[in-house]
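Novice: sequence plus the predicted model coming up.
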Amino acid sequence: MNPELSQFAARLRELIQGRDAALRCPCPAGRNQRGFASNFPSPDAALGDGDGAARHPYHDSEFNSLALELFGLQFKFNPAYRKICEARKLTPDVVEHWTQIPAVPTATFKELELTSFTPEERTAIFHSSGTTEQIPSRHFHNAESLAVYEASLWSWFQLHFGNEGELVFLTPNQNAAPHSSLVHMFETVRQKFGLPESAFTGNISGDGTWVLDFTATIKKLNSACDLKVPLTLLGTAFSFVHLLDYLAENNLQFCLPKNSRAMETGGYKNRSRVMSKAELHQLIKLRLGVSRVHCEYGMSELSSQAYEQEVRRFDFPSWARVQIISPETNREVAEGETGIIRVFDLANVFSVAAIQTEDLGVRRGDGFELIGRAQLAEPRGCSLMTA
Amino acid sequence: MNLPNFFFADLPPEATLSPTLIAAACDTLKRNRVKYLLPRKTEDIVKILCEVATEWLQPENQFRKLALELGPAETGFSKPILEKGLDGFFCQFTPDNFHALLKQELGHAQRLDQFVAGDDDNLNRTAMVHGPEFIVHVAAGNLPNPALMSLTLGLLTRSAQFMKCASGAALMPRLFAHSIYQIDPKLGACLEIAEWRGGNHELENELFAHADCLTATGSDETLAAIRARLPARVRLLSYGQRVSFGFVTREVLREETIGEIVSRAADDVIAWDQHGCLSPHCFYVEERGAVESDKFAQLLAVELAKRESTEPRGKISVEESATIASRRAIYETIAAHRADAKIWSSQNSTAWTVVFEHDVRFQFSCLNRFIYVKPVPDVAAVLPGVDEIRGKVSTVGIAAPPEKMKELALRFARWGATRICPLGQMQNPPLTWRHDGRPALGDLITWTDFEL
């Protein structure tokens, strides 16, 4: 294992968890001593309101120095990434600010080994879930990188959903879907919440697609209603559509206890009919009787997620930053304008921190409004392998 | 735009169409056809069409001016591109060209007017042809010329015509219809132009019920949806999605000719910003010419950069722009890892992109002047590469010495291409072009044989 990257990962985890600790302990001293915000001049303002509205809780210079340090390490220890940087003539000796760090398109995770792990060190792998691609993305992991991933996802999840209560995950469990970063996230959350394995109500069908065990799901819904315990349902947009269709067909409607919520993520990927976000959220509220539907934005190529904090505004945690890039000029767009979503995720320690997605978003302050996926971006059957 | 309200598409956006209005319009068109169109001679109609085209070619013509003034915003093409595309189309409207078209399609230029014997008919038989009473056109929105050609053919067959344009795509058909109306209001009265978003079953079912023949251009899904809803008696002429590519032989890749070849390749890429079925997605370029294939790609990039200043690409949506940017990013990464892959692209814009890659497989371009150059050892290597688009290819544009053209044409024809033309002419088919390999007028008309 590379000692320099390991040391960075350990430091980042502490910073993330320090922030997490600071959030649980409202004393400013706690934040200053341990948290990500230790250098931030005004931590009170930085942490935002109690609902978790994320503002960057540290000075840009702190993020910048961490990002440049990580870039230097990734350039040094990630050969596939180094080639990209060299071709673009953006190397650590010329890059002065994190916004100049070369971002790699998510599609290149399909064939390039964008990792600093040696083949022996790779003990886990996350694949993208699209169904139209011949080759899925490959994000290599091992215990160290997963520890950073877990620290990152948990800290930000907890801020939005707390750390106790009743949860149902509308996905298969980790044994059934070991290569899903989403399922890994849900499994981490399940363990932190101390929930039984049965919190997962999805299965893998014969052809490898995700299906819902309706009986098990309905049982969970009934139980929450009987016990009057608020329930949070978490799943992909298509799994919610499957559930809603089932409820409609069977003329079922639930009024889940007060403060019950839903969290949906991802697109439809041809696995169900497509409906607009507004329609989906309205139906979820109607059929399940939940008061709020949260949206999550994540992907296998990242180690942090964004949540929709306000209507039409997603935010990443403070260790990941988003830029909305004009496809015409390759520069950040002005507030309110649309462009390609680019994420700089410090938690991607052992792969590549600067990721160019194929999604479009509108710049909203430090966050973004999600518009959707750019069409046909990826050429068919392109081969990155050396001829 | 100060145009009188002759057509539905002239009405203000708040005016809503109803099945009743559509039905009334169809009846009027059919009545007008009997009064004004059926009695006309082919020669008259050709004369009027040529007059209309001559007008369009005048710089001061009001419809041309409107097309060039409003076109960039309405169609997404820059003024020079519209100008070039429309001029290329209208300059072909000559009596000789129409005569050639009628002769080609009907065997005789007067066959729509009277019984005539064909060259090969024996003396005991003559024949004449009739167009459908009422043609409905469902026009795609990508570029204007095919819609204008459909209306032209329908006038030749003396058919009443209703053109349904995709939403936001009615400007050019509308201006063309007005220009006909201005020269001959009676002919104009046999045309209707309307615009609505496809899939409005209420309006479309009414319209389809009146049709004898329906021409439709669009995606395979759109066409399948129309087919499923069309009454069985209606003849459907559907033009689905087609793609095109170019082929350059090593003999023309010489220092003396390379400038001309590259310029012609650029003509094909910039025409209608690559939006038509006839626009190339890839150029297959033979290796081992005096000028190598990667040099061809590089020179094409230089040429596209030059053209951007005189014939700029139109404005595109942020989605289209993002698609180009994302695809460029992928190829930049490929180029960083493979010495034999290269990419050239416009700075600070997505105006043009040239990707050079050693992969013989046909690649769908994301259009808007994004072109692939693929080196091949010879023509035999091209065919396996394009195998998966077999049957879906419209045009193969070829740059080769004259003595080699015929042999190459035969090869691509046997393989299944429906049009082979010189490089540089891909988006400029003649009036006699057989769209997707089908007869231009021949599919519209019905014959009557008269045996003596």
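Specialist: Structure received.
Novice: what count of nearby residues applies to the residue nearest to A:F109 when sequence neighbours are not counted?
Specialist: Distances taken as CB to CB, 6 or more residues apart in numbering or on different chains put A:S137 closest to A:F109, at 3.8 Å, once the chain neighbours are dropped. C-beta here means a position set from N, CA and C on the backbone, and glycine is covered the same way. Counted by other CB atoms under 10 Å in any protein chain shown, the residues lying close to A:S137 total 22.
Novice: quick one, what contacts A:S137?
Specialist: A:T106, A:A107, A:F109, A:K110, A:F126, A:H127, A:S128, A:S300, A:E301 (CB atoms under 8 Å, 6 or more residues apart in numbering or on different chains).
Novice: same question for B:A169.
Specialist: Applying CB under 8 Å, 6+ apart, the residues contacting B:A169 are B:T75, B:A139, B:A140, B:G141, B:E195.
Novice: I'd like the residues you listed laid out as CSV, including secondary structure and neighbour count.
Specialist: Formatted as CSV, the contacts of B:A169 follow (DSSP: H, G, I helix; E, B strand; the rest coil; neighbours: other CB atoms under 10 Å in any protein chain shown):
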residue, secondary structure, neighbour count
B:T75, helix, 24
B:A139, strand, 25
B:A140, coil, 21
B:G141, coil, 19
B:E195, strand, 24
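Novice: and which of those residues is nearest chain A?
Specialist: B:G141 (16.3 Å; CB to the nearest CB).
Novice: least confident of the contacts of B:A169?
Specialist: Among the contacts of B:A169, B:G141 has the lowest pLDDT, at 79.
Novice: what's the spacing between that one and B:H178?
Specialist: 19 Å (CB to CB, to the nearest Å).
Novice: also B:N97?
Specialist: 23 Å.
Novice: also B:H358?
Specialist: Applying CB to CB to B:H358 and B:H178 gives a distance of 51 Å.
Novice: higher neighbour count, those two?
Specialist: Taking other CB under 10 Å, B:H358 and B:H178 do not tie; B:H178 has more neighbours (22 against 15).
Novice: leaving out chain neighbours, which residue sits closest to the more buried one?
Specialist: Nearest to B:H178 is B:L3, by CB to CB, 6+ apart, at 5.7 Å.
Novice: contact partners for the one you found?
Specialist: Counted by CB under 8 Å, 6+ apart, B:L3 has contacts B:D10, B:L66, B:R174, B:H178.
Novice: can you count the residues close to the third one?
Specialist: In this case it means B:R174. B:R174, neighbours per other CB under 10 Å, totals 28.
Novice: can you pull the residues of chain B lying near chain A?
Specialist: B:318-319, B:321-327, B:329-338, B:340, B:348-350, B:358-359, B:361, B:363-364, B:366 (CB under 8 Å from any CB of the partner chain).
Novice: among the residues you listed, which ones are buried?
Specialist: When these are checked for burial by 16 or more other CB atoms under 10 Å in any protein chain shown, the buried set is B:318-319, B:321-327, B:329-338, B:349-350, B:359, B:361, B:363, B:366.
Novice: what secondary structure does the residue lying closest to A:I16 once chain neighbours are set aside sit in?
Specialist: Of all residues not flanking A:I16 in the chain, A:A151 sits nearest, at 4.7 Å (CB to CB, 6+ apart). Under DSSP: H, G, I helix; E, B strand; the rest coil, A:A151 falls in the helix class.
Novice: tally of neighbours for A:A151?
Specialist: Counted with other CB under 10 Å, A:A151 comes out at 23.
Novice: right, is the lengthiest strand in chain A up against chain B?
Specialist: Determined from DSSP state E, the single longest strand within chain A is strand A:354-364. Yes. Applying CB under 8 Å from any CB, one finds strand A:354-364 touching chain B at A:Q356, A:E358, A:L360.
Novice: for the contacts of A:S137, work out which two are farthest apart.
Specialist: A:A107 and A:F126 (15.3 Å; CB to CB).
Novice: name the nearest residue to the residue most central in space within chain A, sequence neighbours excluded.
Specialist: Closest residue to the average C-alpha location of chain A: A:Q305 at 2.5 Å, with CA atoms, centre = their mean. With sequence-adjacent residues excluded and distances taken as CB to CB, 6+ apart, A:Q305 is closest to A:G298, at 3.9 Å.
Novice: ok, now how distant is the one you found from chain B?
Specialist: Distance, A:G298 to chain B, using CB to the nearest CB, to the nearest Å: 19 Å.
Novice: just say helix, strand or coil for B:K47.
Specialist: helix.
Novice: what about it, neighbour count?
Specialist: 15.
Novice: wait, doesn't it sit right on B:P95?
Specialist: Yes. Here B:K47 lies in contact with B:P95, judged by CB atoms under 8 Å, at a distance of 7.4 Å.
Novice: where do the helices sit along the stretch 351-452 of chain B?
Specialist: Chain-ordered helices for the stretch 351-452 of chain B, with DSSP state H, counting those that start in this stretch as the definition, fall at B:379-385, B:402-415.
Novice: let me have those in TSV, extended by mean neighbour count.
Specialist: Listed next are the helices of the stretch 351-452 of chain B as TSV, based on neighbours: other CB atoms under 10 Å in any protein chain shown:
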stretch	mean neighbour count
helix B:379-385	16
helix B:402-415	13
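Novice: possible to save those helices as CSV with mean pLDDT and distance to B:L151?
Specialist: As requested, the helices of the stretch 351-452 of chain B are exported to CSV (pLDDT from 0 to 100; distance: least, CB to CB, whole Å):
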stretch, mean pLDDT, distance to B:L151
helix B:379-385, 96, 36
helix B:402-415, 96, 30
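Novice: can I get the ones you listed in a markdown table with distance to A:F316?
Specialist: Below are the helices of the stretch 351-452 of chain B laid out as a markdown table (distance: least, CB to CB, whole Å):
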| stretch | distance to A:F316 |
| --- | --- |
| helix B:379-385 | 43 |
| helix B:402-415 | 52 |
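Novice: now do the contacts for whatever residue of the stretch 1-150 of chain A ends up closest to chain B.
Specialist: For the stretch 1-150 of chain A and chain B, the shortest gap (CB to the nearest CB) falls at A:A87, measuring 3.4 Å. Neighbouring residues of A:A87 by CB under 8 Å, 6+ apart: B:E332, B:A335, B:A336.
Novice: closest one of these to A:V343?
Specialist: B:E332 (18.5 Å).
Novice: tell me the contacts of that closest one?
Specialist: A:I84, A:A87, A:R88, B:I343.
Novice: in terms of contact, does B:R313 touch B:W352 like I think?
Specialist: Yes. The pair B:R313 / B:W352 is scored as a contact, 6.9 Å apart, by CB under 8 Å.
Novice: from B:G246, how far out is A:S116?
Specialist: On the measure of CB to CB, A:S116 and B:G246 end up 43 Å apart.
Novice: next one: B:F90
Specialist: 25 Å.
Novice: and those two? which has more neighbours close in?
Specialist: B:G246 (26 against 21).
Novice: by contact count, what packs against the host helix or strand of that one?
Specialist: Element membership for B:G246, per DSSP states H and E: strand B:243-248. In terms of contacts (3 or more CB pairs under 8 Å, 6 or more residues apart in numbering or on different chains; DSSP states H and E), strand B:243-248 is packed against helix B:258-270, strand B:280-286, strand B:393-399.
Novice: which stretch among these comes nearest B:A216?
Specialist: That would be, of these and by CB to CB, strand B:393-399, which comes in at 16.3 Å.
Novice: picking up where we left off before, among the buried ones among the residues of chain B next to chain A, which are located in helices?
Specialist: Using DSSP state H, the members of those that fall in helices are B:318-319, B:321-327, B:329-337.
Novice: A:L68 touches A:V95, doesn't it?
Specialist: Yes. Using CB under 8 Å, A:L68 makes contact with A:V95 at a distance of 6.9 Å.
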